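>>> curious how this folds, go ahead:
(one chain, ligands or ions: 1)
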Amino acid sequence: ASTEKMPLDSFEEFQPFSFFLTKVSDIPQRHNAMGAMNLRDILSASMGELKSSCHFNFMFEIPWLLKQYPEEFRKMPLLLVHGEQGRQELDIKAEADPFSNVSLCRAPLDIPYGTHHTKMMFLLYETGLRVVIHTANLISNDWYQKTQGIWISPVFPPLKSPAEKGDSPTGFKSDLLQYLAAYKAPRLAPWERHIQAHDMSAANVHMIGSVPGRHTLNNKHHWGHLKLKKVLSERGPDSGLVKNWPVVGQFSSIGSLGTSKEIWLLNEWGQSLSACKKEPSAILPASKLNLIFPSKDNIRLSLEGYNGGGCVPYSIKTASKQPWLTPLFCQWVSEGRGRSKAVPHIKTYTRCSPDGSQAAWFLVTSANLSKAAWGVLEKDRSQLMIRSYELGVLFLPQFFGCKNAFKVTSHVEEVPQSKIPIFPLPYDLPPKTYVKGDRPWFVDVPCVDLPDTFGTMWCPP
Ligand SMILES: O=C(O)c1ccc([N+](=O)[O-])cc1C(=O)O
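Numbering: from 1, shown residues only. Down below sits the predicted model:
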């Protein structure tokens, strides 16, 4: 028998947070042996006897995706929810055509420059329904040598009686149904019924989602950064605890954020991310905001070399309009998880203690640092305009048996045996600022001064 753990064993030893990274090829095995899953693990029979599944995502390689299923599950009904339009929609239809069990559902994207960014799986088993919310495209390269985040739900059993609601104190089920309703897509109806029919009372995370639209009145607080602000102001940390705790954002792309940091980043987005229980939120001081974004050298020296920067599409055109952002940047460092050289495609946000030992909350999401993903207030703050579909899950201490903060570490060998829940960080805390000579990675700027891991230069297409 191989020394490899069964996926279900890896799953069970990393509870209650159930927050995993993807396995990375060519790093020491110990960093994949604990708290890491690949797509085959998630889809394996040890995780459940599959009947049908559904994937929400941005990019798909359908033949590769089917090969990640165990042989006996490859012919089962599979729905792919995408955002492709026009010529690209014809392409994905052609790619799905040979597989009679694969059907497609196009997410409406009525606001320009919006993307269907959400990455989620519904896995319907003989015994119940599992939900997976993650950050990886369904293409082989995203599961090869990058750092990606995955939240895996328990198997939610069927409701004993249709009269039961089957929701949890976090409102996960009703939030998920509200998210699905926003697609107004008839092909999602069977999956809405499956969700309705299962008991999700064990869900211990809050859903933080975005759907395209100009959200007003009560709807305003259901999505994007205002949803996070709502949850944190109702159930977040006491301001006394986190007064000197920075907000840490970590992402793989950045949108156009305006001509100064005060406008959206600190005043609007920052106010939401620094919200506390029963406190009027205030502007987030720049000194209390760390943004982990790969430096040019983080990409150059990565396992993939400069090519790894292909999925970190920050353009010099956008960057040149916001030089005020660079002083906030910190390096991607993940020594504890053995992933300093695994390009981060994961997106996470947290409020952590200055020494990096505790966090008041932690969010893993598809949302990069952009107005399109998080929303921007318009019309005198009466509406929140969001362009894209995004989805993430928020971990709050009190839903994991902790008081007002949870212990965090990137040295995860201590996690399984610990008596108290320890949150497995994807990167090292506290964040490390850029060093002299560092610059942010720009996907469209040639690098011909220093060769990468493979001795090659970067001459962008
Ligand atoms: O991989 C994705 O789903 C993705 C797609 C588009 C963009 N973008 O347009 O910046 C960024 C990402 C990202 O996740 O980094």
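>>> point out the residues in this protein that sit beside the ligand.
Proximity of the chain to the ligand (Cβ under 6 Å from any ligand atom) is limited to residues Phe58, Thr115, His117, Asn137, Ser252, Ser253, Cys311, Pro313, His345, Asn368. Bear in mind the C-beta positions are built from the backbone N, C-alpha and C, glycine included.
>>> surely the second one and Leu109 touch.
Yes. Using Cβ atoms under 8 Å as the test, Thr115 is close enough to Leu109 to be in contact (7.2 Å).
>>> mutual contacts of these two, please.
Gly83, Ser388, Tyr389 (Cβ atoms under 8 Å, 6 or more residues apart in numbering).
>>> of those, closest to the ligand?
Ser388 (8.8 Å; Cβ to the nearest ligand atom).
>>> and that closest one, what does it touch?
Counting by Cβ under 8 Å, 6+ apart, Ser388 has contacts Leu109, Gly114, Thr115, His116, His117, Ser210, Pro212, Ala372, Ala373.
>>> which residues touch Asn204?
Contacts of Asn204 by Cβ under 8 Å, 6+ apart are Pro16, Ser168, Thr170, Phe399, Phe400.
>>> filter those residues to the buried ones?
Taking 16 or more other Cβ atoms under 10 Å as the criterion, what is buried in the contacts of Asn204 is Ser168, Thr170, Phe399, Phe400.
>>> related to what we said a few turns ago, Throw the shared contacts of Thr115 and Leu109 into TSV and include pLDDT, thanks.
Below are the shared contacts of Thr115 and Leu109 laid out as TSV (pLDDT from 0 to 100):
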residue	pLDDT
Gly83	98
Ser388	98
Tyr389	99
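>>> check which helix or strand Ala460 maps to.
Actually, residue 460 is Pro rather than Ala. Secondary structure assignment for Pro460, by DSSP states H and E: no helix or strand.
>>> in contact with it, which residues?
Contacts of Pro460 (Cβ under 8 Å, 6+ apart): Val443, Asp444, Val445, Pro446.
>>> can you get me a residue count around the residue of the stretch 1-150 of the chain found nearest the ligand?
The nearest approach of the stretch 1-150 of the chain to the ligand comes at Phe58, 3.6 Å away (Cβ to the nearest ligand atom). Residue crowding around Phe58 was assessed by other Cβ atoms under 10 Å; the count is 20.
>>> and Pro70, by the same measure?
Counted with other Cβ under 10 Å, Pro70 comes out at 12.
>>> any idea what Gly392 is bridged to?
In this entry, Gly392 is beta-bridged to Ile208, Thr365, by DSSP bridges.
>>> same deal with Val408?
Val408 has these beta-bridge partners by DSSP bridges: Phe423.
>>> ranges for the strands of the stretch 351-461 of the chain?
Per DSSP state E, counting those that start in this stretch, the stretch 351-461 of the chain carries strands over the ranges 358-365, 376-378, 383-386, 390-395, 406-409, 422-424.
>>> closest to the centroid, which residue in the chain?
When Cα atoms, centre = their mean is applied to the chain, the residue found nearest the centroid is Thr365 (2.5 Å).
>>> am I right that it is in contact with Glu390?
Yes. At 6.3 Å, Thr365 counts as touching Glu390 under the criterion of Cβ under 8 Å.
>>> could I get the shared contacts of Thr115 and Leu109 as a markdown table with distance to Trp223?
Listed next are those as a markdown table, based on distance: Cβ to Cβ, whole Å:
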| residue | distance to Trp223 |
| --- | --- |
| Gly83 | 17 |
| Ser388 | 11 |
| Tyr389 | 10 |
